[in-house]
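Undergrad: what would the 3D arrangement of this be:
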Amino acid sequence: MDIWEKLYQEAKALYNPHEVSPFIYAEHVVCALEAGDGQIYTGYCFEATAGVFHLCAERAAAFNMYQQSKQTKINRIITFRDEAPAAVGGMPCGACREFLMQLDQENAETAFMVDYQKREIVTLKELLPKWWGADRYDAAP
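TA: Residues are numbered from 1 along each chain as shown. Coordinates of the predicted model:
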């Protein structure tokens, strides 16, 4: 079993779309990521109509990773709804792209699964080729 299959299986186990309340929908998008040390962390989308509390699966998994291990580097991410990503699936939203870049500059190399069957990936730096914050990393002690 390759790492992408492991990530897929870990995320798939979380898929359980349901309404938490008339205002909150959860577990309809799932994610598994491989941290810099090879450990796998998962998360799911938690979507509230208030808007201020909308947590994407990718950010939830990254938060779980940091909370449990204090790691910030992510090697790979797979995200999907009811089936594995295909064609242009698995793309992170803008907020997730930005958060992952801010979490660790090495996350520019994070691979996102775009097409699971073909094992096609895209890196975060390909999605954000001229990211605004690179100078801030360069200036940091």
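
Undergrad: element containing the spatially most central residue of the chain?
TA: For the chain, the residue nearest the mean C-alpha position is Glu58 (2.7 Å; CA atoms, centre = their mean). Per DSSP states H and E, Glu58 falls inside helix 57-69.

Undergrad: each with direction, which strands does the following helix or strand past that helix pair with?
TA: As assigned by DSSP H and E, the chain's next helix or strand after helix 57-69 is strand 74-80. Paired with strand 74-80 in the same sheet, following DSSP bridges, are strand 24-35 (antiparallel), strand 111-115 (parallel).

Undergrad: hmm, who's touching the helix or strand that strand 74-80 is followed by?
TA: Downstream of strand 74-80, the first helix or strand assigned by DSSP H and E is helix 94-103. By CB atoms under 8 Å, 6 or more residues apart in numbering, the list of residues contacting helix 94-103 from outside reads 56, 58-59, 62, 66, 72, 74, 92, 107-108, 110, 124, 127-128, 131, 133. Glycine gets a C-beta too; all of them are placed from N, C-alpha and C.

Undergrad: measure stretch 100-119 end to end?
TA: 22 Å (CA to CA, to the nearest Å).

Undergrad: actually stretch 126-141, not the one I typed
TA: 26 Å.

Undergrad: show me which residues of it are buried.
TA: Leu127, Leu128, Trp131 (16 or more other CB atoms under 10 Å).

Undergrad: any idea whether the last one is helix, strand or coil?
TA: So the one you mean is Trp131. coil (DSSP: H, G, I helix; E, B strand; the rest coil).
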